[in-house]
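# following is a predicted model, sequence given first.
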Amino acid sequence: MQTDAVHAALTWQSSTCADMGAPLTAKVLRLVADDASVSAAFSPVFAPYAGRTSKDLIAAAYSLRLLGALHYLVLSGRAPALAGCYEAGGGPALGAALIGALDDHPDVFARFMDSPPQTNEARRSLGLFGGFLTVAAETGLPLRCLELGASAGLNLNWDRFEYDLGALGRWGDAASPVKLSGDWTGGAPPLDAIVRVESRAACDQKPVDIGDDEAAMGLLAYIWPDQPERLARAAIAVARQTGVRVEKADAAAWLTRHAQQGVATVVYHSSFIQYPPPQTRSAIISAIAKAGAHATAAAPFAWLRMEPAGQVRDELRLTLWPGGEDRLLAKVHPHGAHVQWLAAGRSIA
């Protein structure tokens with residue numbers, strides 16, 4: 001039977017999905033948590049994680065791994081009964097369809113449960129881009145962008161998207177197929193900053209080959225099925241056109257090799273830092289601090305991160321060396337649906 005920790009993790013994620021406007025996704029998780037027959041069928045999926053606390057299960061996103069497996073089966077056409085329920089927004093047959101998908105494709109569930117979610121949410125760039133503009137404006141230098149936990153590298157192309165801030169203005173490539181907008185409040189980042197990305201690189205322990213259709217489908221599977229407006233397909237097209245490549249590497253070791261002086265180096269990540277084990281996380285932060293300690297006004301170093309700070313809120317924070325002041329730039333919806341810009345500019349000259 002399902003453990004109390006698993007039930008708590010599923011219930012928490014269901015509530016979060018409901019709060020974030022994904023009622024079908026919330027319903028799926030409620031069935032797995034609370035329906036006796038569905039819960040019993042899915043108990044073996046969570047059996048390898050016996051002994052984990054609900055906090056551990058939430059941090060490792062095991063509920064999202066399960067959702068990814070289910071949506072993959074729908075997208076690939078391998079679970080037509082489940083696809084019909086998803087299209088109908090649920091229905092009385094949803095529980096049986098969930099059990100049928102598990103019975104027919106245990107290999108898919110094993111594969112997805114064994115790997116952290118590759119969300120790579122392109123709309124997170126709506127939060128991140130203000131940080132890049134801030135670094136460009138305050139340093140006056142071209143940017144060298146290094147992304148940690150980049151998955152397929154969709155957000156490496158942040159400067160090739162268009163951003164609509166409503167009455168505050170627009171920024172970016174008006175011809176881009178990726179047009180990002182949301183409920184933007186507060187002021188605006190420095191939209192008049194001169195931005196030139198001199199180089200970009202990224203790493204992930206399990207990078208997604210964006211040129212492979214099967215891999216791309218796996219990436220799309222992590223998008224909740226009741227939020228089709230999310231922009232992964234368009235961002236995938238841009239990544240394919242620009243030849244984005246993500247290096248397979250441990251983030252701490254990769255950063256140590258790549259954190260070099262020259263231009264304005266920006267190390268950034270989003271919804272990533274909770275996944276590495278504590279020792280790796282400490283090594284990443286140590287490598288960033290070491291690089292920052294050697295920064296100069298002519299060769300500054302920035303750490304930009306958009307990470308969870310609540311159930312339905314991320315914080316966009318920037319540390320820019322020399323100086324090393326940690327600043328809260330914005331409060332951001334985890335999928336970029338809204339941004340509350342908080343920052344005021346400063347100069348490091």
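That came through fine. Computed from a predicted model, the values in this text were never measured in an experiment. Numbers count the residues shown, from 1 in each chain.

# for the protein, what spans make up the strands?
143-148, 162-164, 170-172, 179-181, 183-186, 197-204, 247-248, 264-270, 301-308, 314-321, 325-332, 338-341 (DSSP state E).

# go through those strands and name the closest to Cys17.
Between Cys17 and the strands of the chain, the shortest gap by CB to CB is with strand 301-308, which sits at 14.6 Å. C-beta: built from backbone N, CA, C; applies to glycine.

# among the strands of the chain, which is nearest Phe109?
Across those (criterion: CB to CB), the nearest stretch is strand 197-204, sitting at 22.0 Å.

# quick one: buried residues of the closest one?
Buried residues in strand 197-204, counting neighbours by 16 or more other CB atoms under 10 Å, are found at 197, 200-204.

# lowest pLDDT pick from those?
Looking at those by pLDDT, the weakest one is Asp204, with 88.

# ok, it touching Ala150?
Yes: taking contacts as CB atoms under 8 Å, Asp204 lies within contact range of Ala150: 5.1 Å.

# which pLDDT value belongs to the nearest residue to Pro23 once chain neighbours are set aside?
With CB to CB, 6 or more residues apart in numbering as the measure, Asp226 is the residue that lies nearest to Pro23, at 6.3 Å, once sequence neighbours are left out. Per-residue confidence for Asp226 comes out at a pLDDT of 83.

# quick check, nearest of the buried residues of strand 197-204 to Gln118?
Each of these was checked against Gln118 using CB to CB; the closest is Asp204, at 8.0 Å.

# confidence score at the residue nearest to Met217 when sequence neighbours are not counted?
Counting by CB to CB, 6+ apart, Met217 lies nearest to Leu75, which is 5.5 Å off, once chain neighbours are set aside. Residue-level confidence at Leu75 comes out at 91, pLDDT.

# ok, now which ones touch Leu75?
By CB atoms under 8 Å, 6 or more residues apart in numbering, the contact set of Leu75 is 217, 220-221.

# ok, now Asp104?
With contact set as CB under 8 Å, 6+ apart, Asp104 has these partners: 78-79.

# and it, how far from Gly91?
19 Å (CB to CB, to the nearest Å).

# my read: Pro207 touches Ala150, true?
Yes: in this structure, Pro207 is within contact of Ala150 by CB under 8 Å, at 7.1 Å.
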